[in-house]
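# Dropping a prediction and its sequence here:
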Protein chains: 2
Amino acid sequence: MYTESIEDYLKAIYEIQKENGKVSTNSLSEMLSVAPASATSMIKKLSEKKLVTHKRYQGVKLTKAGLKISLEIIRHHRLIELYLAEALGVPWDQVHEEAEKWEHVLSEDLEDRMDAALGYPTRDPHGSPIPSRDGTILELDSIPLADLRAGQSAVVDEVSDHDPDLLRYVGKMGLYPKTKFKVLSIEPFNGPIKIKVEKSEHILGPGAAQYVFVTDIKGSKREASQ
Amino acid sequence: MYTESIEDYLKAIYEIQKENGKVSTNSLSEMLSVAPASATSMIKKLSEKKLVTHKRYQGVKLTKAGLKISLEIIRHHRLIELYLAEALGVPWDQVHEEAEKWEHVLSEDLEDRMDAALGYPTRDPHGSPIPSRDGTILELDSIPLADLRAGQSAVVDEVSDHDPDLLRYVGKMGLYPKTKFKVLSIEPFNGPIKIKVEKSEHILGPGAAQYVFVTDIKGSKREASQ
DNA sequence: TATTATTTTTAGACATAGCTAAATTCTATT
DNA sequence: AATAGAATTTAGCTATGTCTAAAAATAATA
């Protein structure tokens, strides 16, 4: 078994790798709220344990073993989030914080029981895919809502779960995963976006629209943003 | 907030205090599987934080503040045990281990939700009382099954939850809390005990009978053991 | 009561994981 | 190509919580 700290680093590396491609010492230290020097020393340790590869002054990359562990933790995290939301009615902006601590101490047996109780789900409450036990994960190719154009209809795929305020904000306009909506207008230069969800209209700031990932309704994959 | 380690010590102190009366450095180090020197140094720290009082070479005792925290953790522990048993069907010999880790990271909000989902219960799956939020706890005055005499009928109140094997053993003969049974015979010098549960008879070793706590059916409080 | 045995404490060390400050290396700009 | 700025690493320190070995205090017994 690995320490909680190691698990947190591996998870962070996976997430940064997915978003930015390259995983720098700095990005890690920021995501984990530690000093850059702390990230360096942990990277060294992970490297010795063959969980990541690392070339000095260049980024870090998960090895197969490191990836496996990080997906196990992410599976814990997302199963817990969904379980709390479904079984105990915990609001979607609170499940992340709870899962963040519990994920490190969840037994495999309990993981299986929750999985079964939920009917072997594939998505967490924010729409993020839940890795399978054997370490496969569905890769989404959705685009930021901010990249849509006026007139387009789309479905919410995933909402970033790192900021509870963001979740409450987009939740208030009903932008949950699988929700269909239409872009009525979008102002240039990162201006506000007017959308229609169900029967009601909302204005969405670009800061939020960046973290809501959607698939446009005609199935087109990626629109140029400007 | 206190560290996991501090919480574990406080909980252990409470439990030893309840069973033995006096809480020695040695008993603590045994219960927590640490060296006596480790217990001493933690006792010093707890004492500085005013969570326990301590006279050198004499025992340790929880202060009001220490008692409060220890009951909070025990509440977490027992609510979790019951929740896992009820909601996810975790067998009663496994819930302890799971709760042991989860109890330290359970939020107050989730505690409340579990409490409500369970209908504000007062006992965990082993029959132990669940402290209330404000820190009151029901004191049981049950006696060890081993102290009963032939012919007496009794009801199971509580089974010690520290040994999964014990729980499986007594579980096999149906000795769950609230179960009524009758002592058919009891051999002297800590001999085996023959009991009848429902329609079936079982033989129970004295080692197990010591950890099954019961109330005899006529309401008498405490029988001399020999 | 004196001595032995047990319990408890002290002293000093180690691992983990964090920090700051300084040195190093890389990158970008002039 | 030289240099300023940013990112990264090293060096050295700190806190927590553990350990072993030795010393001190208490308890048990001859």
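Right, received. Where do you want to start?
# For the helix or strand of chain A with the lowest mean pLDDT, buried residues please.
Within chain A, no helix or strand scores below helix A:206-209, which has a mean of 93 by mean pLDDT, DSSP states H and E. Under the neighbour-count criterion of 16 or more other C-beta atoms under 10 Å in any protein chain shown, helix A:206-209 has A:206, A:208-209 buried. From N, CA and C alone the C-beta is placed, and that goes for glycine too.
# now, which of the residues you listed sits nearest DNA strand C?
residue A:206 (25.0 Å; C-beta to the nearest atom of the strand).
# wait, isn't the closest one in contact with residue A:189?
No: Residue A:206 is beyond contact range of residue A:189, at 9.1 Å (criterion: C-beta atoms under 8 Å).
# who's in contact with the residue most central in space within chain A?
The residue lying closest to the centre of chain A (C-alpha atoms, centre = their mean) is residue A:160, at 5.1 Å. Applying C-beta atoms under 8 Å, 6 or more residues apart in numbering or on different chains to residue A:160 gives the contacts A:126, A:166, A:211-213.
# can you pull out the helices in chain A?
A:4-20, A:25-31, A:36-48, A:64-88, A:95-102, A:108-117, A:164-172, A:206-209 (DSSP state H).
# Next, the angle helix A:64-88 makes with the first one.
Yep, that's helix A:4-20 we're talking about. 90 degrees (axes from the mean of the first three to the mean of the last three C-alpha atoms, to 10 degrees).
# In helix A:4-20, which residues are buried?
In helix A:4-20, counting by 16+ other C-beta under 10 Å, buried: A:6-17.
# Closest one to DNA strand D out of those, please.
Nearest to DNA strand D among the buried residues of helix A:4-20, with distances taken as C-beta to the nearest atom of the strand, is residue A:16, at 11.1 Å.
# near DNA strand D at all, stretch A:57-65?
Yes: counting by C-beta under 7 Å from any atom of the strand, DNA strand D is contacted by stretch A:57-65 at A:57, A:59.
# got a list of contacts for that stretch?
A:10, A:13-14, A:17, A:22-25, A:28, A:43, A:46-47, A:50-54, A:70.
# are any of those buried, and which?
Using 16+ other C-beta under 10 Å, the buried ones in the contacts of stretch A:57-65 are A:10, A:13-14, A:17, A:23-25, A:28, A:43, A:46-47, A:51-52, A:54, A:70.
# Among the residues you listed, which ones lie close to DNA strand D?
When those are checked against DNA strand D using C-beta under 7 Å from any atom of the strand, the ones in range are A:24-25, A:43, A:54.
# can you list those residues in TSV and add pLDDT and distance to residue A:101?
Formatted as TSV, these follow (pLDDT from 0 to 100; distance: C-beta to C-beta, whole Å):
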residue	pLDDT	distance to residue A:101
A:24	97	27
A:25	98	25
A:43	98	24
A:54	95	28
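# out of the buried residues of helix A:206-209, who's nearest residue A:193?
Residue A:193 lies nearest to residue A:209 out of the buried residues of helix A:206-209, by C-beta to C-beta, at 5.4 Å.
# what sits against that closest one?
Residue A:209 touches A:144-146, A:193, counting by C-beta under 8 Å, 6+ apart.
# Nearest residue to it in space, please, no chain neighbours.
residue A:146 (3.8 Å; C-beta to C-beta, 6 or more residues apart in numbering or on different chains).
# got the residues of chain A near chain B?
Residues of chain A lying near chain B by C-beta under 8 Å from any C-beta of the partner chain: A:84, A:87-90, A:94, A:97-98, A:101-102, A:105, A:107, A:109-110, A:113-114, A:117.
# Name the residues linked to residue A:197 by a beta bridge.
residue A:181, residue A:200 (DSSP bridges).
# circling back to that earlier point, can I get the contacts of residue A:209 in CSV with neighbour count, pLDDT and distance to residue A:153?
Below are the contacts of residue A:209 laid out as CSV (neighbours: other C-beta atoms under 10 Å in any protein chain shown; pLDDT from 0 to 100; distance: C-beta to C-beta, whole Å):
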residue, neighbour count, pLDDT, distance to residue A:153
A:144, 16, 95, 16
A:145, 28, 96, 12
A:146, 20, 94, 16
A:193, 22, 96, 13
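# Sort out for me which of these are in strands.
Those of these mapping onto strands are A:144, A:193, per DSSP state E.
# Tell me the one of the contacts of residue A:209 nearest DNA strand C?
residue A:144 (24.2 Å).
# Relative to residue B:113, how far out is the residue lying closest to that closest one once chain neighbours are set aside?
Spatial nearest neighbour of residue A:144, chain neighbours left out: residue A:210 (5.2 Å); criterion: C-beta to C-beta, 6+ apart. According to C-beta to C-beta, to the nearest Å, residue A:210 and residue B:113 sit 32 Å apart.
# Residue A:123 now?
22 Å.
# can you tell me how far the residue lying closest to residue A:204 once chain neighbours are set aside sits from residue A:179?
Using C-beta to C-beta, 6+ apart and skipping the chain neighbours, the partner closest in space to residue A:204 is residue A:193 (4.6 Å). According to C-beta to C-beta, residue A:193 stands 15 Å off from residue A:179.
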